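> Have a look; sequence and predicted model below, questions after that.
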Amino acid sequence: MAKKRTKAKSARRKKGRAARRPDMALQLMKVIGALAMLVLLVVIVAMMARFLIRRPQGYVPPVVQMPAPPAKTHDTPAFEIYPQKPLPPKPITKLPQLPGGHPPLVAIVIDDIGYDPQIAHQLLSLDAPLTFSVLPYGPFSRKLAAQARTQGHEIMLHLPMEPNEYPAVNPGPGALLAQMTPDQLIAQLERDLSEISGLKGVNNHMGSGISTSPERMRQIFSILKKHNLYYIDSRTTAETVARPSAELLKIPFAERDIFIDHFVDEGFISSQLKKLIKRAQDQGYAVGIAHPHAITLKVLTEFLPLLKEKVELVPASMVVEAEMGASLAEARAMP
């Protein structure tokens with residue numbers, strides 16, 4: 001009897017295991033089915049997204065680029081933007097004294113160097129201590145500046161600054177703009193200064209839109225003072241505040257007396273050179289600004305003997321020193 005019961009229990013256990021096997025198989029089938037459904041759902045969603053967000057034919061994803069320094073360009077920039085009405089001449093500040101028989105001092109600054117190497121080479125070959133003001137990103141700026149230094153000429157940075165006519169008139173690569181924050185303006189100025197080695201000073205290229213801002217001029221002059229550079233105000237606006245800003249920061253400073261060639265005409269350029277001589281005789285020194293025009297080169301070449309007879313042509317830094325001395329003497333003489 002006991003054996004029969006044991007056999008019966010063993011049979012029931014086998015029957016239970018057999019009954020459970022189909023249940024496990026069914027669970028496995030359910031898991032596999034659920035995974036298949038999930039994969040199918042992902043594929044369907046991806047296909048729908050591709051259909052709904054269809055890009056136009058030939059679409060190329062945009063490439064995000066980091067800001068790059070201004071590229072050197074062979075496009076010749078505009079020369080100065082001259083005031084619509086002639087500016088009144090700046091007040092005469094005479095030298096306290098000139099050595100006996102010593103002629104007045106004249107500096108002629110040639111702006112916008114860096115784009116026309118042929119005329120620049122001819123100007124460099126003139127027998128005169130001209131001062132060359134170089135734009136920071138011209139295709140030939142560094143090479144011409146190096147050549148000028150080798151030949152003993154003084155080098156300035158012709159600093160692009162926003163004019164009143166901006167953005168219709170663009171001052172070119174490296175320009176200081178009114179919309180810049182102080183940090184941006186200072187960083188741009190530092191980059192511009194680093195482009196040309198051996199600089200002695202700076203003058204403004206255009207700049208009528210910034211030269212009237214005391215805050216902007218003080219920011220500029222704080223950097224020039226750090227680099228021991230002088231500044232010559234091209235005076236492209238009657239409202240310029242460059243002089244009081246320079247006096248506040250105590251940087252060497254002078255102003256343009258005569259634009260020599262803002263009308264590119266042979267007779268006009270000759271008359272402007274005569275005015276430059278007269279201005280120098282009246283106050284003991286003068287600054288003239290010219291540009292690398294073929295006609296300017298021609299007239300200047302012909303006019304050099306008369307200039308040398310009437311005045312002493314000197315680098316711009318010597319006229320800056322003369323004007324600083326004259327201004328100091330005038331200030332001391334005031335009650």
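Yep, that arrived.

> I'd like to know which elements the helix or strand harbouring residue 216 is packed against.
Using DSSP states H and E, residue 216 sits in helix 214-226. Other helices and strands packing on helix 214-226, by 3 or more Cβ pairs under 8 Å, 6 or more residues apart in numbering; DSSP states H and E, are helix 182-195, strand 230-233, helix 242-249. The way it works is simple: take the backbone N, C-alpha and C, and place the C-beta from them, glycine included.

> quick one, which of those is nearest to residue 279?
Nearest of the helices and strands packed on helix 214-226 to residue 279, taken as Cβ to Cβ: strand 230-233 at 14.7 Å.

> What are the boundaries of the strands in the chain?
105-113, 131-134, 154-161, 201-206, 230-233, 253-255, 258-259, 285-290, 312-313 (DSSP state E).

> JSON lines please, covering these and showing mean pLDDT.
Shown next, in JSON lines, are the strands of the chain (pLDDT from 0 to 100):
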{"stretch": "strand 105-113", "mean pLDDT": "97"}
{"stretch": "strand 131-134", "mean pLDDT": "98"}
{"stretch": "strand 154-161", "mean pLDDT": "98"}
{"stretch": "strand 201-206", "mean pLDDT": "98"}
{"stretch": "strand 230-233", "mean pLDDT": "98"}
{"stretch": "strand 253-255", "mean pLDDT": "96"}
{"stretch": "strand 258-259", "mean pLDDT": "96"}
{"stretch": "strand 285-290", "mean pLDDT": "97"}
{"stretch": "strand 312-313", "mean pLDDT": "97"}
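
> Of all those, which one is nearest residue 123?
strand 105-113 (5.8 Å).

> what's the angle between that closest one and strand 154-161?
50 degrees (axes from the mean of the first three to the mean of the last three Cα atoms, to 10 degrees).

> In strand 105-113, which residues are buried?
The neighbour-count check on strand 105-113 (16 or more other Cβ atoms under 10 Å) flags 105-113 as buried.

> What of stretch 263-279?
269-270, 272-273, 275-277, 279.

> residues in contact with that stretch?
By Cβ atoms under 8 Å, 6 or more residues apart in numbering, the residues outside stretch 263-279 that reach it are 89, 106, 108, 257-261, 286, 288, 290, 293, 295-296, 298-300, 303, 306-307, 310-311.

> Using ChimeraX, define a selection of the buried residues within these.
ChimeraX command restricting the contacts of stretch 263-279 to the buried ones, with burial defined by 16+ other Cβ under 10 Å:
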select :106,108,257,258,259,260,261,286,288,290,293,296,299,300,303,307,310,311
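
> residue contacts, residue 293?
Counted by Cβ under 8 Å, 6+ apart, residue 293 has contacts 119, 261, 264.

> between the residues you listed, which is closest to residue 150?
Looking across the contacts of residue 293 and measuring by Cβ to Cβ, the closest to residue 150 is residue 119, at 18.2 Å.

> Could you find the closest non-adjacent residue to the closest one?
Excluding the flanking residues, the one nearest residue 119 by Cβ to Cβ, 6 or more residues apart in numbering is residue 292, at 4.4 Å.
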